[in-house]
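> Please work out how this folds:
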Amino acid sequence: QVQLVESGGGTVEAGGSLRLSCAASARTLNGVALGWFRQAPGEEREFVSAVTWSGANSYYADSVKGRFTIFRDFEKNTVDLQMNSLKPEDTAVYYCGAGSKVYHFDYWGQGTQVTVSS
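Numbers count the residues shown, from 1 in each chain. Okay, the predicted model is just below:
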């Protein structure tokens, strides 16, 4: 069982930046990948970014490559998502996730709203 709590959402103008943070807690996080999905109104939840349990590999959706960066802090057990050059189409509820596979998470946080105004 992994518990996840997100923070850092908000409203920003197009071109601005936000940083999301997710605090993970569990008996052990060894072997657990962490990352972010998002869901816009009327859309399915989609993959944004993830990092492997070792931190050696990170993955990004094509739509955010070059703009978003994922960070995993092993001391704090957090995974952050730095979002730069935000676009209105980035508006969504962002969910932190955890699981044994990078693109398929078993545990989810409650979500945090990100709104980008044009």
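
> excluding its backbone neighbours, what's nearest the residue sitting nearest the centre point of the chain?
For the chain, residue 36 is the residue whose C-alpha lies nearest the centre (C-alpha atoms, centre = their mean; 2.6 Å). Distances taken as C-beta to C-beta, 6 or more residues apart in numbering place residue 48 nearest to residue 36, at 4.3 Å, with adjacent residues excluded. C-beta: built from backbone N, CA, C; applies to glycine.

> Run a quick neighbour tally on that neighbour.
For residue 48, the neighbour count with other C-beta atoms under 10 Å is 24.

> Next secondary structure after the host helix or strand of it?
According to DSSP states H and E, residue 48 maps onto strand 46-51. Once the chain leaves strand 46-51, the next helix or strand it forms, by DSSP H and E, is strand 58-60.

> The helix or strand following that following strand packs against which elements?
Next helix or strand after strand 58-60 toward the C-terminus (DSSP H and E): strand 68-73. Counting contacts by 3 or more C-beta pairs under 8 Å, 6 or more residues apart in numbering; DSSP states H and E, strand 68-73 is packed against strand 33-39, strand 46-51, strand 58-60, strand 78-83.

> What's the separation between the residue nearest to the centre of the chain and residue 23?
14 Å (C-beta to C-beta, to the nearest Å).

> now do residue 93
18 Å.

> now swap in residue 39 and tell me
On the measure of C-beta to C-beta, residue 39 and residue 23 end up 21 Å apart.

> Residue 103 too?
For residue 103 relative to residue 23 (C-beta to C-beta), the value is 22 Å.

> Mind checking which of those two has more residues around it?
residue 23 (16 against 12).

> picking up where we left off before, residue 37 is in contact with the residue nearest to residue 36, correct?
Yes. Between residue 48 and residue 37 a contact is recorded at 5.8 Å, counting by C-beta atoms under 8 Å.

> Now do the shared contacts for the two.
residue 94 (C-beta atoms under 8 Å, 6 or more residues apart in numbering).

> pretty sure residue 90 contacts residue 84?
No. Using C-beta under 8 Å, residue 90 is not in contact with residue 84; the gap is 10.5 Å.
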